[in-house]
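>>> below are the sequence and a predicted model for it; my questions follow.
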Amino acid sequence: MKTFLFYDIETTGLNSAFDQILQFAAIRTDTQLNELERHSITVKMRPDIVPSPGAFITHRLIPENLSDGMCEYEAALMIHSILNKSETISIGYNNLGFDDEFLRFTFYRNLLDPYSHQYANGCYRVDLLPITTLYRVFKPEIIKWATTDEGKPTLKLESITKSNQFITSGRSHNAMADVEATVELARCLIKEEKIWIYSLELFDKNSEKVRIDKMFSNLSKKSYPVHIKDYPIAIMVSHKLGADSLYIAPVLGIGRSNHYLNQTIWIRLDKELEKEIVQNSDDLNENDLNEDNLNKVELLKPSSLSGDTPRDNAYVIRKKDGETGIILPKLERFWDRLSDKQRDLAEKNISVMADNGEKYAIFNKICEYHRQFKYKLVPEADLDSLLYQSPFFNSTEKSEIKRFHKCSLMEKIEMIQTIKPSRVKSLAIRIIFRNYLNCENKNRTIKFIEPKIETNIKTNIESNIQENNKDLQESMISLVSKEFANYMERVRLNTNDPEFNKRKIIGFKQDEKLIPQKALEELRTIRNDYNKFLASNGYEQINNDYQTENSEQIKDAKQIENCEKIKNSDNIEDLKDKKRVLDWLESYIISFCKE
């Protein structure tokens, strides 16, 4: 029986490769949205995690909330099992832009299949945010839509929940409360059943691939007459197009990527394409379009709809099959939803591109550049971030992984010494030191934490280790404790360290794992800006270590952004709660540096 699994997560930060899940909440329903069961999983923070102040001031989870939680490995096993139950349609609010990638990296570093919940056993994924966006454009009367203080439309779940008075069990950014709000929103949307069913079908990768490919293959046929030479004209609906465009834009399909066959490439027709081509004609006429051109010309900068940091002003959009970015044919009833400005720009661009002159030749060159575009590999990327740069686990690796999961903890430790695939061995070592090494034991060599959920794991772990032979102890010390110490040295690096650039932990996007020094800088900026905001609104300071200033001095954009986080505080207790989080963060991060 097909079921929906509505879910949400709260995390230690925004980096899917290096941060971790702290809360996972889910409600399983039947296809008519009748609740069947609930799941709530709390996860202890790993010893190698530097908490991101921005994340913690949002969800406000501190050790007392997490003390009874599972370790990440055991939580990952449970979450993987829940998501991979046969015929499960996993659904969240912006889950394809955030949550799902976190799950993939969590599964990968814990030696679980990162993709099976997307395709195996009748499972697949749906994102309610793009569906909500479709209703916002074509069926706006379905719910009460929220606006910002400036009167602009907003699709934030928290705002929609308030405007429609959805009943939840907690405040926003609590995982279960957000799941409850998502279910309530879905129950409103399903009332328009035709749109609901149509929306769900858009997330079937295979059927959407067929549908979009027909747009390209039927160009010469009457069934799809609206195109510019070899390129179909269409309508895109996506929350990432921004509120200013009311989430809709005319686009031109320029083909599939030659290297990533699940991606199609679209150019926005409501941008000044002719102006962009004319102003940059010298760069665009170069024989080889390269990184120097890329940095100068907006038309050469790709923007993915799948990431969590889109460029709202992007000219070129890369869309994955079955994911964010709903592509509709250029029918009159869709075209009429565009603003007058969008239609005028689109028609101007269509006219320019229809000409066979130099501008069209340059445009063709741009299209070929994007079809040939490849993401850069990052050779120094850390093991945790290699999900996309590494091949799928092969049969030998899968065999070792299966054996690893079935073993008791002691057997896992012994097995590490015999695992041959280096990737599996390295990930297995990290699983042991992140989840079972007792970091309160200062020598961090022989004391392990007992697992919670594996019934085949022996009890009295510490005594079992002591009873084993000396070789096992020495092997465990060298393969787990030393690996942990070396890794933590890199996590605690300071930017003033002469070895920093050489030893810092790098991700697949050339991003860096958060270090304590930068976390403290962020924390103190937030605390100082909050104090200024509170002082300007008649509250006492959050921390007396900082001087307050008049509200007229709060002009810096970053300060304003930080201060936005407390504008929704309902009462003084809420502000005190945030102060407790800030105090804990500072204490924790300082002690993290000293260990």
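Sure, I can see it.
>>> poorly predicted segments of this structure, please.
Residues of the chain meeting the criterion pLDDT under 70: 219-229, 281-297, 302-313, 356, 439-478, 537-571, 595.
>>> how about the strands of it, start to end?
3-11, 21-29, 35-42, 88-92, 124-127, 146-147, 153-154, 227-228, 231-237, 248-256, 263-268, 302-304, 316-320, 326-329 (DSSP state E).
>>> need those in CSV with mean neighbour count, can you?
Where C-beta positions appear, they are placed from N, C-alpha and C, glycine not excepted. As requested, the strands of the chain are exported to CSV (neighbours: other C-beta atoms under 10 Å):
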stretch, mean neighbour count
strand 3-11, 25
strand 21-29, 23
strand 35-42, 14
strand 88-92, 23
strand 124-127, 23
strand 146-147, 15
strand 153-154, 16
strand 227-228, 20
strand 231-237, 23
strand 248-256, 23
strand 263-268, 24
strand 302-304, 19
strand 316-320, 23
strand 326-329, 20
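>>> could you dump those strands to TSV with distance to residue 343?
As requested, the strands of the chain are arranged in TSV below (distance: least, C-beta to C-beta, whole Å):
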stretch	distance to residue 343
strand 3-11	37
strand 21-29	40
strand 35-42	44
strand 88-92	34
strand 124-127	28
strand 146-147	25
strand 153-154	20
strand 227-228	16
strand 231-237	11
strand 248-256	8
strand 263-268	13
strand 302-304	23
strand 316-320	19
strand 326-329	15
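>>> residue 67 is nearest to which of the ones you listed?
strand 35-42 (8.9 Å; C-beta to C-beta).
>>> can you dump the C-alpha coordinates of the closest one into PDB?
Only the C-alpha atoms of strand 35-42 are listed here, as PDB (Å, rounded to 0.1, in the frame of the first residue of the first chain):
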ATOM      1  CA  GLU A  35      -2.500   9.500   9.900                       C
ATOM      2  CA  LEU A  36      -1.100   6.000  10.400                       C
ATOM      3  CA  GLU A  37       1.900   6.400  12.700                       C
ATOM      4  CA  ARG A  38       4.500   8.800  14.000                       C
ATOM      5  CA  HIS A  39       8.300   8.700  14.400                       C
ATOM      6  CA  SER A  40      10.400  11.100  16.500                       C
ATOM      7  CA  ILE A  41      14.200  10.500  16.700                       C
ATOM      8  CA  THR A  42      16.600  12.600  18.700                       C
END
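>>> what does it contact?
3, 22-30, 65-66, 68-70, 75, 78-79, 82, 175-176, 183 (C-beta atoms under 8 Å, 6 or more residues apart in numbering).
>>> looking at the strands of the chain, which is closest to residue 432?
So among the strands of the chain, strand 21-29 is nearest, using C-beta to C-beta, at 19.2 Å.
>>> report the inter-axis angle for the closest one versus strand 35-42.
170 degrees (axes from the mean of the first three to the mean of the last three C-alpha atoms, to 10 degrees).
>>> quick one: distance of strand 21-29 to the chain centre.
Relative to its parent chain, strand 21-29 has a centroid offset of 16 Å by C-alpha atoms, centre = their mean, to the nearest Å.
>>> and for stretch 65-81?
Distance of stretch 65-81 from its chain centroid, counting by C-alpha atoms, centre = their mean, is 19 Å.
>>> how long is it from one end to the other?
By C-alpha to C-alpha, to the nearest Å, the extent of stretch 65-81 from end to end equals 24 Å.
>>> how about stretch 374-391?
End-to-end for stretch 374-391, by C-alpha to C-alpha: 16 Å.
>>> what sits against residue 175?
8-10, 23-25, 40.
>>> and the helices in the stretch 401-550 of the chain, which stretches?
Secondary structure of the stretch 401-550 of the chain, counting by DSSP state H, counting those that start in this stretch: helices at 409-416, 422-435, 461-467, 470-476, 482-491, 500-503, 516-536.
>>> so for residue 88, which of these sits nearest?
helix 422-435 (25.2 Å).
>>> flag every buried residue along that closest one.
Buried residues in helix 422-435, counting neighbours by 16 or more other C-beta atoms under 10 Å, are found at 423-425, 427-435.
>>> TSV please, covering those and showing distance to residue 59.
Output for those, formatted as TSV (distance: C-beta to C-beta, whole Å):
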residue	distance to residue 59
423	32
424	33
425	34
427	27
428	30
429	30
430	25
431	25
432	28
433	26
434	21
435	22
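>>> farthest pair within the residues you listed?
423 and 435 (18.3 Å).
>>> sorry, back to before: between the strands of the chain, which gets nearest to residue 376?
Residue 376 lies closest, by C-beta to C-beta, to one member of the strands of the chain: strand 302-304, at 12.1 Å.
>>> ok, now how distant is the residue nearest the centre of the chain from residue 162?
When C-alpha atoms, centre = their mean is applied to the chain, the residue found nearest the centroid is residue 98 (2.3 Å). As for residue 98, its distance to residue 162 is 21 Å (criterion: C-beta to C-beta, to the nearest Å).
>>> likewise for residue 142?
17 Å.
>>> before we move on, what about residue 75?
31 Å.
>>> these two - which one has more neighbours?
The residue with more neighbours, out of residue 75 and residue 162, is residue 75; 25 against 15, by other C-beta atoms under 10 Å.
>>> residue contacts, that one?
21, 24, 41, 43, 69.
>>> how long is stretch 66-74 end to end?
Using C-alpha to C-alpha, first and last residues of stretch 66-74 are 14 Å apart.
>>> correction: the previous question concerned stretch 103-117.
10 Å.
>>> so which bits of that stretch are buried?
Quick answer for stretch 103-117 (16+ other C-beta under 10 Å): 103-114, 117.
>>> what about the residue lying closest to residue 513 once chain neighbours are set aside, neighbour count?
Nearest residue to residue 513 in three dimensions, chain neighbours excluded: residue 505, at 3.9 Å (C-beta to C-beta, 6 or more residues apart in numbering). Other residues within reach of residue 505, judged by other C-beta under 10 Å, total 22.
>>> roughly how far apart are residue 505 and residue 381?
9 Å.
>>> next one: residue 127
Taking C-beta to C-beta, one finds residue 127 at 27 Å from residue 381.
>>> return the residues in contact with the closest residue to residue 380 other than its chain neighbours.
Leaving aside its chain neighbours, residue 380 sits nearest to residue 506 (5.1 Å; criterion: C-beta to C-beta, 6+ apart). Residues near residue 506 by C-beta under 8 Å, 6+ apart: 378, 380-382, 385, 512-513.
>>> do residue 62 as well
For residue 62, the contact set (C-beta under 8 Å, 6+ apart) comprises 56, 580-581, 584.
>>> same check, this time on residue 46
Contacts of residue 46 by C-beta under 8 Å, 6+ apart are 20, 71-72, 434-435.
>>> cutoff 10 Å now
Contacts of residue 46 were listed using C-beta atoms under 10 Å, 6 or more residues apart in numbering, and they are 12, 19-20, 71-73, 430, 433-435, 439.
>>> also residue 209?
256, 261-262, 264, 320-322.
>>> mind putting those residues in TSV, distance to residue 401 included?
Conversion of the contacts of residue 209 to TSV gives the following (distance: C-beta to C-beta, whole Å):
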residue	distance to residue 401
256	33
261	27
262	25
264	34
320	27
321	28
322	27
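>>> what ranges do the helices span in the stretch 151-300 of the chain?
Using DSSP H, counting those that start in this stretch, helices in the stretch 151-300 of the chain cover 157-164, 175-189, 193-201, 205-217, 273-279, 281-284, 291-296.
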